[in-house]
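Peer 1: sequence? don't have it. structure:
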C-alpha cells in the first residue's frame, strides 16, 4: 500500500499497481543530492517571468526544458518525469529541474448517470489494461492500453457513476481530436461530493469496459492489484 501526498493536503491511498508506476518513484544517486522523479501527474501553468511551469505533487517545477515549450498550453494535464539537483536550488518558491519529459493527457470529468450508463453509447473501444499514475487536486490520472491501435490513433474516455453506488465506470473510443498518449486526467469533484462519508473520506472501485458479450451487453473488468485488492481510499481533509 502506498500513500501519495498531493497538494491541498489531500491523501490518496492506492493499494494497487496495475500497468503503470503509481504516483511517483525516485532513486538517489549514491554520494550526491540528485533525485530522479518518474511519472508524476502535473498541470501546466504560466508565469510572466518564469514561462511555463508544472504544478506537481512536489510543488511548482521550473525548467528550461519547458519554459518556452511550443507544444504546451496553460491548463494542459501531463504525466512528467524529471531530475532535481537539490544542491542547486536558488528559490524556495519553486524547484528547478532538468531532463524534463512529459506526455499530454486528455481531460475528462466523472459524470453522474442512472446506474452509471454511458452518456452517448458510442464508447466502443475495449480497454485491455489500465492503471493509475496518481492524484493531483481533485483529479485522478489514468493510463490505458488498447489492442489493435496505431500511432495515428487518438482516444477519448468517458467516466460515469451512479450517485447511489461508489463505482466509477470507464469507457473508451477513438476520436479525431482525442489524446495520442492513451492518458486521461479525470476530475473527480462531483464523484467525491456524492460519495464522501461523515469523516470526509471516500472508498470506491473502478470498472473499465473490456467489450460486449454476444448479446451486445457491455462487459467490465474490476480494477485490482495482484493481491486482489480493488478498493481505492481518498482522504479529502
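Peer 2: Great, that's in hand. All figures in this text were calculated on a predicted structure; none of them were measured in a lab. Numbers count the residues shown, from 1 in each chain.
Peer 1: bridge partners for the residue nearest to the spatial centre of the chain, pull those for me.
Peer 2: Centrality entry for the chain: nearest residue to the mean C-alpha point is residue 141, 0.6 Å, by Cα atoms, centre = their mean. Residue 141 forms beta bridges with residue 134, residue 185, as assigned by DSSP bridges.
Peer 1: and it, how far from residue 223?
Peer 2: 14 Å (Cβ to Cβ, to the nearest Å). For every residue, glycine as well, the C-beta is placed using N, CA and C.
Peer 1: same check on residue 36?
Peer 2: Residue 36 is 27 Å from residue 223, by Cβ to Cβ.
Peer 1: pick out whichever of the two has more residues nearby.
Peer 2: residue 223 (23 against 16; other Cβ atoms under 10 Å).
Peer 1: which residue packs closest to the more buried one, ignoring adjacent ones?
Peer 2: Once flanking residues are discounted, residue 223 sits nearest to residue 206: 4.1 Å by Cβ to Cβ, 6 or more residues apart in numbering.
Peer 1: is that neighbour bridged to anything, and to what?
Peer 2: With DSSP bridges as the rule, residue 206 is bridged to residue 168.
Peer 1: please name the residues that touch it.
Peer 2: Applying Cβ atoms under 8 Å, 6 or more residues apart in numbering, one finds that residue 206 lies in contact with 130, 167, 168, 169, 170, 222, 223, 230, 232.
Peer 1: mean confidence score for stretch 71-91?
Peer 2: The average pLDDT within stretch 71-91 is 92.
Peer 1: ok now do the residue nearest to residue 167 when sequence neighbours are not counted, which residues does it touch?
Peer 2: Computed as Cβ to Cβ, 6+ apart, the closest residue to residue 167 that is not its neighbour in sequence is residue 205, at 5.4 Å. Neighbouring residues of residue 205 by Cβ under 8 Å, 6+ apart: 166, 167, 168, 222, 223, 230, 231, 232.
Peer 1: mind jotting down where the helices sit in this structure?
Peer 2: 64-67, 189-195 (DSSP state H).
Peer 1: now tabulate those in TSV and tack on distance to residue 114 and mean pLDDT.
Peer 2: Listed next are the helices of the chain as TSV, based on distance: least, Cβ to Cβ, whole Å; pLDDT from 0 to 100:
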stretch	distance to residue 114	mean pLDDT
helix 64-67	42	91
helix 189-195	13	96
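Peer 1: how about the ones you listed in JSON lines, adding mean neighbour count and distance to residue 49?
Peer 2: JSON lines is the format used below for those (neighbours: other Cβ atoms under 10 Å; distance: least, Cβ to Cβ, whole Å):
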{"stretch": "helix 64-67", "mean neighbour count": "18", "distance to residue 49": "10"}
{"stretch": "helix 189-195", "mean neighbour count": "17", "distance to residue 49": "31"}
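Peer 1: got those helices as a markdown table, with distance to residue 146 columns?
Peer 2: As requested, the helices of the chain are exported to a markdown table (distance: least, Cβ to Cβ, whole Å):
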| stretch | distance to residue 146 |
| --- | --- |
| helix 64-67 | 28 |
| helix 189-195 | 24 |
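Peer 1: quick one: which of these is nearest residue 99?
Peer 2: Residue 99 sits nearest to helix 64-67 of all the helices of the chain, at 7.3 Å, using Cβ to Cβ.
Peer 1: any idea how far the closest one is from the chain center?
Peer 2: Relative to the mean C-alpha coordinate of its chain, helix 64-67 is positioned 22 Å out (Cα atoms, centre = their mean, to the nearest Å).
Peer 1: and stretch 169-178, by the same measure?
Peer 2: The answer for stretch 169-178 is 15 Å, by Cα atoms, centre = their mean.
Peer 1: then stretch 74-92?
Peer 2: The answer for stretch 74-92 is 18 Å, by Cα atoms, centre = their mean.
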